[in-house]
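1. Build me a structure from this.
(one chain, ligands or ions: 1)
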Amino acid sequence: MSESSYRVEVAKEQFVFSAAHFITFAGDICERLHGHNYGVRAAVEGKLDENRYVVDFIALRDAVLKETQALDHHVLLPEHHAEIKVTADDQETTAMFRERRWVFPNDDCIILPVINTTAEEIAGVIADRVVEQMGDSLGSAMTLLEIGVDENYGQWGICRKSLVANPSS
Ligand SMILES: Nc1nc2c(c(=O)[nH]1)N=C([C@H](O)[C@H](O)COP(=O)(O)OP(=O)(O)OP(=O)(O)O)CN2
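-> I've put the predicted structure just below:
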């Protein structure tokens, strides 16, 4: 008999956040600061539990919504970029790339544990935070969490996180 696996997806209208960022690409090209109306979606795969669902999609929805809203109306900066150096004093956050410098009030910024604030990396951060937030409600029957981040109405970066073999990776 073949084994079944199941997938739950949440893709709600409220899963949007507006944020500013800039990335580097092609080695040393650094974008100008700009913004996106990002979209987010999430999926969990696994077997059915005793409720006959993979995960309560209300719990998944609420966790994704919380992490989405946390990013709204912020400047997203990378913590681990080799050349974009981000520092903060008690009032202002400064990002530097070679001779260029951007200064923001601290409250306007979120420094993400990423190398580049691409849609893929933002998806990875949201995935980690959703796993952390959901804790035990992501039961052992679940095998995969997938988070998608859309930068521009159809340009998705996706992170797939295994929930069994090595949940912390
Ligand atoms: N795989 C990825 N590719 C690109 C990413 C990314 O996160 N993952 N990001 C970018 C840039 O952030 C770029 O700014 C994308 O913005 P977008 O507005 O879509 O690009 P355009 O310059 O074409 O903007 P228009 O508004 O459509 O003119 C690039 N690649």
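
2. tell me how far the ends of stretch 5-19 are from each other?
-> For stretch 5-19, the first-to-last residue distance is 36 Å (CA to CA, to the nearest Å).

3. Stretch 3-20 too?
-> Using CA to CA, the end-to-end distance of stretch 3-20 comes to 44 Å.

4. quick one: contacts of that stretch?
-> 33-48, 53-55, 57, 60-61, 64-65, 68-69, 71-76, 143 (CB atoms under 8 Å, 6 or more residues apart in numbering). All C-beta spots, glycine's among them, are computed from the backbone N, C-alpha and C.

5. Now list the buried members of the residues you listed.
-> The neighbour count (16 or more other CB atoms under 10 Å) marks 36, 38-46, 54-55, 57, 60-61, 64-65, 68, 71, 74-76, 143 as buried among those.

6. Filter those down to the ones in helices?
-> Secondary structure assignment by DSSP state H places Phe57, Leu60, Arg61, Val64, Leu65, Thr68, Leu71 of these in helices.

7. Including distance to Phe97, could those go into CSV?
-> Formatted as CSV, these follow (distance: CB to CB, whole Å):
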residue, distance to Phe97
Phe57, 41
Leu60, 37
Arg61, 37
Val64, 31
Leu65, 33
Thr68, 27
Leu71, 22
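
8. Go through the residues you listed and say which is closest to Gly154.
-> Thr68 (18.0 Å; CB to CB).

9. re earlier: for the ones in helices among the buried ones among the contacts of stretch 3-20, give me a markdown table that also has distance to the ligand and pLDDT.
-> Formatted as a markdown table, these follow (distance: CB to the nearest ligand atom, whole Å; pLDDT from 0 to 100):
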| residue | distance to the ligand | pLDDT |
| --- | --- | --- |
| Phe57 | 27 | 93 |
| Leu60 | 24 | 95 |
| Arg61 | 24 | 97 |
| Val64 | 19 | 97 |
| Leu65 | 22 | 98 |
| Thr68 | 16 | 98 |
| Leu71 | 14 | 98 |
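
10. Cool, thanks, talk later.
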